[in-house]
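*Asks:* I'd like to go over a predicted model; first the sequence, then the structure.
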Amino acid sequence: MSRSKKKALTASQQSALTHSRGPCLVLAGPGSGKTTVLVERVVFLIESLSLSPSSILVLTFSRKAALEMQERFLSRTGGSYPDVTFGTFHSVFYQILRLSTGRDLTLISEKDRLALVRGASASSFGPSGHVPAAEQVLSAISAFKEGGPSALPEAFRGEGQQAFSSLLSTYQDYLSENDLLDYDDMILGCRSLFAERPDLLARWQDRFRFLLVDEFQDISRGQYALIRALAGRDRNVFAVGDDDQSIYGFRGASPSVMRDFLRDFPGTVTISLSDNFRSTRRIVRMAGKVIACNRDRFPKKIRAARREEGRIPEIRSFVSVRDQDQALIEKLKALPVSELEETAVICRDHVRLRRISEALAGAGIPVPGLEGRPDPLEAELVSDLQTYVRLAGQAGRGALKREDLMGVLNRPVRYLTRESLPGPVLSLRDLQRPGAPSALVRLARDLSLLSRMPAGRTLSYIIRGMGYGAFAAERAGLKGKDLPAFLVRLEEAGKGAASLSDLALVLEESAEGREKGGGPAGEGVRLLTMHASKGLEFDRVFLPDLNDVILPGRRCRTRDQEEEERRLFYVALTRARNELHLYYIRGREGDRLMPSRFLLPLGVRP
């Protein structure tokens, strides 16, 4: 068989991937080659332990990461073992839920969740005079589903809890009545299923005998409970993560889960991947000094595998934000254009990113877009495709929602008016009534066809058969028969869908991926939030605005919160391969500002 060349492995990598059976916790620091270990581990299980490929489940947290790992594995093995399952927590456990219950539940889109919550908030919170933002409410719903009343943010406790309970009841009733579920329900539904049906749990335990979990530090309590259930008595869990990079506390993740793993799986073999292949020695030492200040962590010593000491990281203070931004501009202008793509400016939040983006653009420095924020056109295209998929499902049930039809009535352009859609709910026959516009009749035929064709062909038909691709190309300013590359990637991803619900999940994960840091790359400096930078690396990294009340933020009051903020800073530091520039504002005499307390171990004093 044709195989890609296997790279030399370190002793710790070799020890991890050749672990035989039973639980194993791999502490994988930044740039330590954890993906290589995971891929080679799967190869070892199949070729050395003679395991069936279909008995191996590899879980990660984003569709992009799952696909990239699967592609690396298939390339490594010449495509010989396609039956290994690679997927996200949500996609895998949704499939388990769907196949176990026979119910074709549909994932509610984020757009619909926001609209639902905005409507319910007005009636539930209105009497109190304060209606929280929809995004806050959705975060509270997720927290409640994950950890119960004690996990609710402070704003939704006490007097606010009654209003929240009313809203949650309305929210869940709507999902139930419309055969919908959200991401949290996928996990909760599987937990309930496994608890109520031991026979089904045993069936899935028999199917997946070996579990490999990437980014284990990002796991929530609910997801961890599912891993424990699936592991069963075999306990073949290979968990790879870094507690020092646990930065998603707002999603229910906590580094304490990694310690719980040792308690819940007695006899766990713990292996540290301590070699950083990414950064120079000076950068590795600097990052190590910072993270060593955290107490809630596994003690570890990360060393640079690269021989060069590298440039001394720059730590520089400025009198004003304007002076800082001007210095950043001068540094970037001095770089060849070819080096800008491997240069990143990483900020604590989008507020500061927008300021810097405008400053760079005003100075003529190319900026492809803010990473971690959805590209407006891509968001628009995904929203349209989600609507078409919903309409295909509605057509199969014989009741089309007017609001969904309105959303894509002229996308592509059909020259149809609102008056052509009588009533809030319509049938296909209503659209094909005598005297109806021919374009409306064709739309009805297309929706009927979409409802009956294999789900894997749905996006291709919408894009190429219904003319949406040409419409999207025109919106993107493309000429000829070119399609936006993003649309082509979506079309390809959709080919693996087994149902319209699968397809809805593909589209929703795509939308979620762009929110979390999958923005478009291009010529120019990469601008990212610290959260969005995780998993990426660059030759040169600038970290501006490193002041207290920004990092850590004003709301950081407890030790746990401060330690998560320090981990966030550590993640940003370790994105740099060769150069690192740390900037903070000192202010003027009589108006002094405090540098971030995280700079103290690096010699910076107030």
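*Replies:* Ah, there it is. Numbering: from 1, shown residues only.
*Asks:* residues touching the residue nearest to R285 when sequence neighbours are not counted, list them.
*Replies:* Among residues not flanking R285 along the chain, A304 sits closest, at 7.8 Å (Cβ to Cβ, 6 or more residues apart in numbering). (Glycine included, C-beta is placed from N, CA and C.) By Cβ atoms under 8 Å, 6 or more residues apart in numbering, the contact set of A304 is D275, N276, S279, T280, R281, I283, V284, R285.
*Asks:* List buried residues within those.
*Replies:* The neighbour count (16 or more other Cβ atoms under 10 Å) marks D275, N276, S279, T280, R281, I283, V284 as buried among the contacts of A304.
*Asks:* got the contact list for the last one?
*Replies:* It stands for V284. V284 neighbours (Cβ under 8 Å, 6+ apart): N276, I302, R303, A304.
*Asks:* What does the last one show for phi and psi?
*Replies:* This means A304. Backbone torsions of A304, given as degrees, to the nearest 10, read phi -80, psi 130.
*Asks:* Please report the distance of G469 from A239.
*Replies:* According to Cβ to Cβ, to the nearest Å, G469 and A239 sit 42 Å apart.
*Asks:* which of those two has more neighbours?
*Replies:* Under the criterion of other Cβ atoms under 10 Å, the comparison of G469 against A239 puts A239 first, with 27 against 24.
*Asks:* Flag the shaky bits of the chain, pLDDT-wise.
*Replies:* 1-7, 126-129, 369-375, 479-481, 511-522 (pLDDT under 70).
*Asks:* Run through the bridge partners of F318.
*Replies:* Using DSSP bridges, the beta-bridge partners of F318 come out as I585.
*Asks:* Can you tell me how far it is from A470?
*Replies:* 50 Å.
*Asks:* Beta-bridge partners for the residue nearest to R285, please?
*Replies:* Beta-bridge pairing for A304 (DSSP bridges): N276.
*Asks:* Next one: it from R281, what distance?
*Replies:* In terms of Cβ to Cβ, A304 sits 4 Å off from R281.
*Asks:* give me the number of residues near the nearest residue to A65 once chain neighbours are set aside?
*Replies:* Nearest non-adjacent residue to A65, counting by Cβ to Cβ, 6+ apart: D214, 6.7 Å away. For D214, the neighbour count with other Cβ under 10 Å is 23.
*Asks:* The one 3 residues further on too?
*Replies:* When counting by other Cβ under 10 Å, one arrives at 23 neighbours for Q217.
*Asks:* Phi, psi for it please.
*Replies:* phi -70, psi -10.
*Asks:* got a list of what it touches?
*Replies:* Q217 touches G241, D242, D243, Q245, S246, A253, P255, V257, M258, counting by Cβ under 8 Å, 6+ apart.
*Asks:* hmm, 10 Å instead?
*Replies:* 27-28, 239-248, 253-258, 567 (Cβ atoms under 10 Å, 6 or more residues apart in numbering).
*Asks:* do the same with V84
*Replies:* V84 touches 42-43, 45-46, 51-58, 69-70, 73-74, 77, 210, 212, counting by Cβ under 10 Å, 6+ apart.
*Asks:* 7 Å - rerun?
*Replies:* Neighbouring residues of V84 by Cβ atoms under 7 Å, 6 or more residues apart in numbering: V42, P53, I56, V58, F73.
*Asks:* My read is that the second one contacts V43, right?
*Replies:* No - counting by Cβ atoms under 7 Å, P53 sits too far from V43 to count as a contact (10.2 Å).
*Asks:* And the furthest pair within the contacts of V284?
*Replies:* I302 and A304 (8.0 Å; Cβ to Cβ).
*Asks:* residues shared between the contacts of the two?
*Replies:* Overlap of the contact sets of I302 and A304 (by Cβ under 7 Å, 6+ apart) consists of N276, V284.
*Asks:* what number of residues lie near V26?
*Replies:* Counted with other Cβ under 10 Å, V26 comes out at 28.
*Asks:* separation between it and R228?
*Replies:* Taking Cβ to Cβ, one finds V26 at 18 Å from R228.
*Asks:* What of R72?
*Replies:* 28 Å.
*Asks:* swap in L443?
*Replies:* Taken as Cβ to Cβ, the span from L443 to R228 is 49 Å.
*Asks:* Filter the contacts of Q217 down to just the ones in helices.
*Replies:* S256, V257, M258, R567 (DSSP state H).
*Asks:* quick one: contacts for the third one?
*Replies:* This points to M258. Per Cβ under 7 Å, 6+ apart, neighbours of M258: L25, F216, Q217, G241, D243.
*Asks:* Please render those residues as a markdown table that adds distance to A359 to the earlier fields.
*Replies:* Putting the contacts of M258 into a markdown table (distance: Cβ to Cβ, whole Å) gives the following:
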| residue | distance to A359 |
| --- | --- |
| L25 | 44 |
| F216 | 39 |
| Q217 | 34 |
| G241 | 37 |
| D243 | 36 |
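*Asks:* Quick check: of those residues, which lies closest to F265?
*Replies:* Taking those together and measuring to F265 by Cβ to Cβ, the closest member is L25, at 8.2 Å.
*Asks:* and the closest one, that one's in a helix?
*Replies:* No - per DSSP: H, G, I helix; E, B strand; the rest coil, L25 lies outside any helix segment and is strand.
*Asks:* Run through the residues that contact it.
*Replies:* So L25 contacts A239, M258, F261, L262, T268, T270 (Cβ under 7 Å, 6+ apart).
*Asks:* Same question for R72.
*Replies:* T35, V39 are the contacts of R72 under Cβ under 7 Å, 6+ apart.
*Asks:* What is the longest helix along the chain packed up against?
*Replies:* Across the chain, the longest stretch assigned as helix under DSSP H is helix 376-397. The contact analysis (3 or more Cβ pairs under 7 Å, 6 or more residues apart in numbering; DSSP states H and E) places helix 376-397 against strand 400-401, helix 402-408, helix 438-452, helix 458-460, helix 485-494, helix 500-515.
*Asks:* ok, residues contacting that helix?
*Replies:* Residues contacting helix 376-397 (Cβ under 7 Å, 6+ apart): 106, 109, 111, 400-401, 404-405, 407-408, 411, 428, 447-448, 450-451, 458-459, 462, 472, 475-476, 486-487, 490, 500, 503-504, 507, 510-511, 514.
*Asks:* If any of the residues you listed are buried, put those into a PyMOL selection.
*Replies:* This is the PyMOL syntax for the buried subset of the contacts of helix 376-397, where burial follows 16+ other Cβ under 10 Å:
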select buried, resi 106+109+111+400+404+405+407+408+411+428+447+448+450+451+458+459+462+472+476+486+487+490+500+503+504+507+510+511+514
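*Asks:* Flag every buried residue along the helix or strand hosting D185.
*Replies:* Here D185 sits within helix 183-196, counting by DSSP states H and E. Using 16+ other Cβ under 10 Å as the test for burial, helix 183-196 gives Y183, D184, D185, M186, I187, L188, G189, C190, R191, L193, F194.
*Asks:* for those residues, which one is nearest E358?
*Replies:* Y183 (33.7 Å).
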